[in-house]
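Colleague: compute the structure for the input listed below.
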Amino acid sequence: MNILAVDTSGSQLGIGIVCADSRTLERHWDTDNHSSPLFERMREATLELDLAIHEIELLAVVSGPGSFTGLRIGMSGLLGWGIAVNKPVQVVDTFSAMRETIPNECSPLLVAIHSRKDAFYCSLFDSASPGSREPFVSTPDSLDGFLKHRYVYLGGPGASRLHSTLPARHQCRCRLLGEEFYVPDMLKVCNLAERRYRSSKDSADKHQVEPFYMSPSQAEIKFDSRGSAV
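Modeller: Take a look at the predicted model:
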């Protein structure tokens, strides 16, 4: 199966391609505006592998949590393309993408994604406790009880920022992973997307995709505040 995956959830634009004949390509670009280079980068990636657009069989997109604007760009772009060329679109949330990226021996693993100001989206993966808690929103100070009795590996797009703002008593409880574990491995996103698609393709709407939001956007907050002031 020829799979193309896109990540616009953070400060980097990520693209990965996994081909049925084992050819692969992964690229990351620093960019402040995903909308302008997205389709051009996708075209460049397919050309580099000499892969025609119609040969792509599955489109995958990282669905967040992450930048609200970035998520809208990536998901609307991939969904529009998928509908236009009648190709299925599979979402992969950022937490799952990072768990696939980071070696399994890094456990328990706390994946952190910066939200705004001092807030972070977090998810704990613990191989010793399969029933790990649901993703949660936290601040460095409110992680006090969470980290009080455990040591964790810390990775994900917001890992470095979270670690630098943790109280000193907790920094020693977090083993900060290297920069290669701050963004999703796009080849692993392709593989995870294929597994999820194959397991649900008989029952799922191939174009029914939703972003994974854990908090309201700044625009929604401002809109609600104006409404309550009336």
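Colleague: tell me the SS of M214?
Modeller: coil (DSSP: H, G, I helix; E, B strand; the rest coil).
Colleague: does it touch V137 like I think?
Modeller: Yes: using Cβ atoms under 8 Å, M214 is in contact with V137, at 5.7 Å. Heads up, the C-betas are built off the backbone N, CA and C, glycines and all.
Colleague: which neighbours do these two share?
Modeller: Counting by Cβ atoms under 8 Å, 6 or more residues apart in numbering, the shared contacts of M214 and V137 are S115, Y121.
Colleague: more neighbours: which of these two?
Modeller: Higher neighbour count among M214 and V137: M214, with 17 against 14, using other Cβ atoms under 10 Å.
Colleague: residue contacts, the more buried one?
Modeller: Here M214 is in contact with G64, P65, S115, Y121, P135, V137 (Cβ under 8 Å, 6+ apart).
Colleague: how many residues are close by the residue lying closest to the first one once chain neighbours are set aside?
Modeller: In space, and not counting its chain neighbours, G64 is closest to F212: 4.2 Å by Cβ to Cβ, 6 or more residues apart in numbering. The local packing count at F212 equals 20, with neighbours defined by other Cβ under 10 Å.
Colleague: ok, now how distant is F212 from R195?
Modeller: The spacing between F212 and R195, counted by Cβ to Cβ, to the nearest Å, is 18 Å.
Colleague: how's this structure carved up into domains?
Modeller: As given by automatic domain parsing, the domain ranges for the chain are 3-95+183-215, 103-176.
Colleague: so can I have a markdown table of these showing mean pLDDT?
Modeller: Shown next, in a markdown table, are the domains of the chain (pLDDT from 0 to 100):
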| stretch | mean pLDDT |
| --- | --- |
| domain 3-95+183-215 | 91 |
| domain 103-176 | 92 |
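Colleague: pick the most buried one from these.
Modeller: domain 3-95+183-215 (a mean of 18; mean count of other Cβ atoms under 10 Å).
Colleague: torsion angles phi and psi at Q90?
Modeller: Main-chain torsions, Q90, degrees, to the nearest 10: phi -120, psi 130.
Colleague: isn't it up against L58?
Modeller: Yes: counting by Cβ under 8 Å, L58 is a contact partner of Q90 at 6.2 Å.
Colleague: intersection of neighbour lists for those two?
Modeller: Common contact partners of Q90 and L58 (Cβ under 8 Å, 6+ apart): A193, E194, Y197.
Colleague: tell me which helix or strand the first one sits in.
Modeller: A193 is part of helix 186-200 when elements are defined by DSSP states H and E.
Colleague: and that helix, what does it pack onto?
Modeller: Where contact means 3 or more Cβ pairs under 8 Å, 6 or more residues apart in numbering; DSSP states H and E, helix 186-200 is packed against strand 3-7, strand 12-18, strand 24-30, strand 58-62, strand 89-92, helix 94-101.
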